[in-house]
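Novice: I need the structure of the sequence given here:
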Amino acid sequence: TFDNSAAGTVAVDGGTLLLSGGGTSSGNVNVAGGAKLQLKENNYAFTGGALTGTGTIDINGASTSFSGTTGNASLSVTGGNAKFTGSHNSTGTLTLSSGIVDGTGSATVGDLNWNGGDISAATVNTSSTSNSIIGGDSAKKITGGAQLNLAGTTSWTGDNISTGSGAQLKNTGTFTTNADATIADDQGGTRATFTNNGTFQKTNTTSGGTTDIQVSFQNNSTGTVAVDGGTLALSGGGSSSGSVTLGAGATLKIAGNDFTFAGGVLNGASGKVDITSNTTTFANATSGTAEVAVNGKNTTAQFEGTHIGTGKLSLTSGVVSGNGTAEFGALDWTGGSLNAKVKSTGNVNLSGGPKSLSGELTLGGNTTWDGSEISGSGTAKIKNNAGATFTASADGSITGTTTFTNEGTFEKTSGATGGATDIQTKFDNSGTVTVGAGKLKLSGGGTSTGNVSVAGTLELSGTDYAFNGGTLAGAGSIDLLGATTTFNAVTSNTT
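Specialist: Predicted coordinates:
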């Protein structure tokens with residue numbers, strides 16, 4: 001047993017001093033550069049004093065506890081247990097390559113080099129000037145309610161990090177990863193949390209692969225998430241009220257658990273927020289240039305606030321819903337349900353499979369529709385704004401209780417023999433309708449105060465329709481089949 005009292009000093013000027021019999025120290029310890037104080041085989045306790053020098057205190061076995069210690073000496077845990085029962089404040093480096101760091105107290109260190117081993121229960125803080133590294137090929141685990149508070153610069157260079165039991169990782173500096181690896185939720189208990197108040201950056205990797213965050217990810221209002229390349233998957237749920245920036249071809253993937261964008265910006269004109277399962281809510285005010293893609297059978301993008309973006313909305317499957325409003329640039333709708341108020345200011349592609357609509361779709365750019373069925377319900381609305389052109393490039397139908405309001409140009413450009421573009425819902429026109437070829441069938445009723453030009457066939461059937469002004473022109477025909485069609489103050493040269 002080796003006891004160093006408060007009045008004592010231990011100086012390791014060179015080589016290694018091995019304390020294998022246990023004991024305590026409340027005095028000062030100085031380990032010179034290149035020298036080592038090694039603790040193993042029996043428990044040892046530092047109950048105070050300064051631990052100084054540019055050498056290393058190596059914890060290689062048994063348990064070594066720290067309480068009320070200060071200094072600049074580096075600690076290396078290569079086996080056994082470093083137990084922080086009180087406070088340890090040091091500007092030195094903590095290196096954890098195997099063994100355990102735990103305790104009910106806290107350790108504040110200059111840098112952290114975490115290459116393996118476990119952090120359990122204890123609180124570990126790095127300094128604002130730190131250059132910390134989480135890497136190596138050995139298993140790493142943080143559990144037991146432990147807190148890892150990272151300031152300065154932290155680089156996660158590889159291998160997975162296992163978590164569980166309510167552990168917390170907090171970044172107030174810059175956390176950078178080039179690893180296609182996982183912070184895994186695989187140790188049971190309450191899901192761990194990663195809180196970002198600084199910058200979380202995924203840099204491009206040669207594989208363009210995926211970094212998967214399976215813990216709850218909280219990007220606060222002061223935080224920035226930057227995905228320079230590849231995919232950052234947030235599969236553990238969470239929220240973001242800070243900024244998100246996506247590089248060219250980069251993807252932020254939301255899957256596995258519900259996520260909320262509670263504010264902030266989503267930027268990156270060539271990047272994508274890819275929502276592939278569960279519910280992602282856009283609450284409060286969000287904005288940005290990034291594409292938002294909804295792609296999953298049981299996936300919901302829910303807009304409860306106001307989203308004003310210039311990026312594209314892509315809806316392949318799943319649901320876009322909510323009581324708020326969402327504005328995007330382009331819209332690519334190839335399947336799924338649109339049940340919210342959505343406005344597109346750019347070009348719109350309506351193609352692919354069947355689509356359902358119970359919300360309001362406002363079209364401010366040019367729209368091309370391939371005839372794939374659009375089924376409306378409730379108070380569904382489609383509005384083609386003044387200055388916009390809606391092109392029906394093939395036969396198809398809009399069904400249900402939708403109201404289609406045309407203030408711009410609605411044009412039918414082609415169609416098969418015997419086929420038709422059938423608007424079975426109410427169709428109100430104050431702009432221009434052009435039937436360049438094929439048949440446009442208005443069977444849901446409505447009114448027209450604008451201009452109509454027919455080179456093919458315009459069929460009015462099923463429900464009453466009224467022309468209250470405007471012109472009817474062209475060498476085609478207007479076929480009246482059933483119901484009542486009213487003409488009031490109309491100028492016509494068609495038949």
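Novice: for this protein, what's the longest strand?
Specialist: Assignment by DSSP state E gives strand 291-303 as the longest strand of the chain.
Novice: Quick check: which element contains L480?
Specialist: Assigned by DSSP states H and E, L480 belongs to strand 477-481.
Novice: List the neighbouring strands of that strand plus their orientation.
Specialist: If you go by DSSP bridges, strand 477-481 pairs up with strand 457-461 (parallel).
Novice: And the contacts of the strand it pairs with?
Specialist: With Cβ atoms under 8 Å, 6 or more residues apart in numbering as the test, strand 457-461 has contacts from 420, 433, 435, 438-443, 452, 476-483, 485. (Each C-beta comes from the backbone N, C-alpha and C, glycine too.)
Novice: May I see the buried residues of it?
Specialist: With burial defined by 16 or more other Cβ atoms under 10 Å, the residues of strand 457-461 counted as buried are 457-461.
Novice: What mean pLDDT does the longest strand of the chain get?
Specialist: With pLDDT averaged residue by residue, strand 291-303 scores 96.
Novice: which ones are touching G376?
Specialist: G376 sits next to 356-358, 398-402, 425 when contact means Cβ under 8 Å, 6+ apart.
Novice: ok, so what distance separates it from D137?
Specialist: Distance, G376 to D137, by Cβ to Cβ, to the nearest Å: 57 Å.
Novice: what do you get for L234?
Specialist: For L234, the distance to D137 - Cβ to Cβ - is 25 Å.
Novice: Kindly report the same for A146.
Specialist: Applying Cβ to Cβ, the value for A146 to D137 is 22 Å.
Novice: who's more crowded, these two?
Specialist: A146 (24 against 8; other Cβ atoms under 10 Å).
Novice: Next, that one: phi, psi?
Specialist: Dihedral angles of A146 (phi, psi; degrees, to the nearest 10) stand at phi -60, psi 150.
Novice: Please name the residues that touch it.
Specialist: 102, 119-124, 167-168.
Novice: on that earlier part again, let me have the contacts of G376 in JSON lines, adding distance to N219, pLDDT and neighbour count as columns.
Specialist: Putting the contacts of G376 into JSON lines (distance: Cβ to Cβ, whole Å; pLDDT from 0 to 100; neighbours: other Cβ atoms under 10 Å) gives the following:
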{"residue": "S356", "distance to N219": "33", "pLDDT": "98", "neighbour count": "19"}
{"residue": "L357", "distance to N219": "32", "pLDDT": "98", "neighbour count": "26"}
{"residue": "S358", "distance to N219": "32", "pLDDT": "98", "neighbour count": "20"}
{"residue": "I398", "distance to N219": "40", "pLDDT": "97", "neighbour count": "25"}
{"residue": "T399", "distance to N219": "42", "pLDDT": "96", "neighbour count": "20"}
{"residue": "G400", "distance to N219": "40", "pLDDT": "95", "neighbour count": "18"}
{"residue": "T401", "distance to N219": "40", "pLDDT": "91", "neighbour count": "17"}
{"residue": "T402", "distance to N219": "38", "pLDDT": "92", "neighbour count": "25"}
{"residue": "T425", "distance to N219": "42", "pLDDT": "96", "neighbour count": "26"}
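Novice: Take the residues you listed and keep only those in helices.
Specialist: Of the contacts of G376, none are assigned to helices by DSSP state H.
Novice: Poorly predicted segments of the stretch 301-450 of the chain, please.
Specialist: The model of the stretch 301-450 of the chain has no residue with pLDDT under 70.
Novice: Now do the helices in it.
Specialist: Counting by DSSP state H, counting those that start in this stretch, the stretch 301-450 of the chain forms no helices at all.
Novice: what comes up buried for the strand holding L480?
Specialist: For strand 477-481, the neighbour count (16+ other Cβ under 10 Å) marks 477-478 as buried.
Novice: so G396 touches D370, yeah?
Specialist: Yes. Counting by Cβ atoms under 8 Å, G396 does reach D370; the two are 7.1 Å apart.
Novice: which one of these two has more residues nearby?
Specialist: Each of G396 and D370 has its neighbours counted (other Cβ under 10 Å); G396 has more, 20 against 15.
Novice: With adjacent residues omitted, what lies nearest to that one?
Specialist: Once flanking residues are discounted, G396 sits nearest to G371: 2.5 Å by Cβ to Cβ, 6 or more residues apart in numbering.
Novice: cool, and A473?
Specialist: Nearest non-adjacent residue to A473, counting by Cβ to Cβ, 6+ apart: S453, 5.0 Å away.
Novice: Return the residues in contact with that neighbour.
Specialist: 432-435, 473-474.
Novice: would a markdown table of the residues you listed with neighbour count and distance to Q218 be doable?
Specialist: Supplementary listing: those in a markdown table, determined by neighbours: other Cβ atoms under 10 Å; distance: Cβ to Cβ, whole Å:
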| residue | neighbour count | distance to Q218 |
| --- | --- | --- |
| T432 | 19 | 51 |
| V433 | 23 | 51 |
| T434 | 21 | 53 |
| V435 | 26 | 55 |
| A473 | 16 | 61 |
| G474 | 20 | 61 |
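Novice: Just give me the closest of those to T93.
Specialist: Nearest to T93 among the contacts of S453: T432, at 72.8 Å, using Cβ to Cβ.
Novice: In this structure that closest one contacts F390, no?
Specialist: No. T432 is beyond contact range of F390, at 10.5 Å (criterion: Cβ under 8 Å).
Novice: Mutual contacts of these two, please.
Specialist: With Cβ under 8 Å, 6+ apart as the test, T432 and F390 both reach 406, 408-410.
Novice: Just the ones of these in strands?
Specialist: If you go by DSSP E, these have 406, 409-410 in strands.
Novice: buried set for stretch 127-140?
Specialist: Counting neighbours by 16+ other Cβ under 10 Å, stretch 127-140 gives 127, 130-136, 140 as buried.
Novice: I figured A392 was touching T413, is that so?
Specialist: Yes. A392 sits in contact with T413 when judged by Cβ under 8 Å, with a separation of 6.9 Å.
Novice: can you tell me which helix or strand T494 belongs to?
Specialist: Using DSSP H and E, T494 falls within no helix or strand.
Novice: In contact with it, which residues?
Specialist: Going by Cβ under 8 Å, 6+ apart, the list of residues near T494 reads 454, 472-478.
Novice: Ok, S270 next?
Specialist: Counting by Cβ under 8 Å, 6+ apart, S270 touches 246-250.
Novice: just G418 next, same as before
Specialist: Taking Cβ under 8 Å, 6+ apart, we find G418 in contact with no residue.
Novice: Now it, what are its backbone angles?
Specialist: phi 80, psi -10.
Novice: do G189 as well
Specialist: Per-residue torsions, G189: phi 80, psi -170 (degrees, to the nearest 10).
Novice: so who does it touch?
Specialist: Going by Cβ under 8 Å, 6+ apart, G189 touches 143, 164-166.
Novice: give me that answer again for 6 Å
Specialist: By Cβ atoms under 6 Å, 6 or more residues apart in numbering, the contact list for G189 reads 164-165.
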